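*Asks:* Take a look and give me a structure for this.
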Amino acid sequence: VRRPLLQKSSTLRGPELRFRLHALAALGRANPAVLEIVSVDRTLRRPKTFFGTGLVAFSMTTSLWMACAVLAISGWGFMVHLAATNTILQTIVEERLRGRVMSFYTMAFFGTVPIGSLLGGIVADRFGAPITVRLSGLVCLAGGAWFSHQLPAVRAGVRSIYLERGIITVPAVDTGAKTL
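*Replies:* Presented below is the predicted three-dimensional model:
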């Protein structure tokens, strides 16, 4: 989206610029593979903030190297969010319904991409690519804020299912008995 603006301030052109931008976004996406998902709170709140903020920052940059750094951070937020939601969804659904739920999730995710691309193209045609990317980032941040507001209820529901299935356990109460 920002290639025309970045080409003016960079010696890279065409396919080489596109390759570098995609490579840095992919680097950010590959990094979460080494992270362990520890906290529902951290892995569901922070990535949306990084992704939305990354899009807003990307919409304002004209430096190639700054764009690459922002894309890596944004790609990280995107992948951690996807990994966390996918993991939670698969663990809270009953075994017999997992395939149906995951196929619906996949269809909903990939099915909305063309609609978002169409809307993004309409907005970009009218207002320009930087404003479109900035609006997309702001929508992500607003969605993240709404989800953060709903997170306590989601956490309570997920926790009860995790306790029932033995994924997490209730800590033992200290009775004061001495142990070896």
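
*Asks:* tell me what whichever strand or helix holds Phe104 is packed against?
*Replies:* Taking DSSP states H and E as the definition, one finds Phe104 inside helix 98-127. Packing partners of helix 98-127 (3 or more CB pairs under 8 Å, 6 or more residues apart in numbering; DSSP states H and E): helix 64-92, helix 129-165. Where C-beta positions appear, they are placed from N, C-alpha and C, glycine not excepted.

*Asks:* Without its sequence neighbours, what residue ends up closest to the residue sitting nearest the centre point of the chain?
*Replies:* Nearest residue to the geometric centre of the chain (CA atoms, centre = their mean): Phe78, 2.6 Å. Ranked by CB to CB, 6 or more residues apart in numbering and with sequence neighbours excluded, the top spatial neighbour of Phe78 is Phe51, at 5.0 Å.

*Asks:* so who does the one you found touch?
*Replies:* Applying CB atoms under 8 Å, 6 or more residues apart in numbering, one finds that Phe51 lies in contact with 74, 77-78, 81, 137, 140, 144.

*Asks:* shaky segments in the chain?
*Replies:* 1-44, 172-180 (pLDDT under 70).

*Asks:* List just the one of the helices and strands packed on helix 98-127 that sits closest to Thr112.
*Replies:* helix 129-165 (12.7 Å; CB to CB).

*Asks:* Please report the distance of the residue lying closest to Met66 once chain neighbours are set aside from Ala69.
*Replies:* Closest residue to Met66 apart from its sequence neighbours, by CB to CB, 6+ apart: Ala57 at 8.0 Å. Using CB to CB, to the nearest Å, Ala57 is found at 9 Å from Ala69.

*Asks:* same thing with Phe50?
*Replies:* 12 Å.

*Asks:* Compare those two (neighbour count), which wins?
*Replies:* Ranked by neighbour count (other CB atoms under 10 Å), Phe50 and Ala69 place Phe50 first, with 21 against 17.

*Asks:* OK, contacts around that one?
*Replies:* 73-74, 76-77, 80.

*Asks:* What helix or strand is it located in?
*Replies:* Using DSSP H and E, Phe50 falls in helix 40-60.

*Asks:* And the nearest residue to Arg159 once chain neighbours are set aside, its phi and psi?
*Replies:* Nearest residue to Arg159, sequence neighbours excluded (CB to CB, 6+ apart): Ile168, at 7.2 Å. Dihedral pair for Ile168: phi -120, psi 160, per degrees, to the nearest 10.
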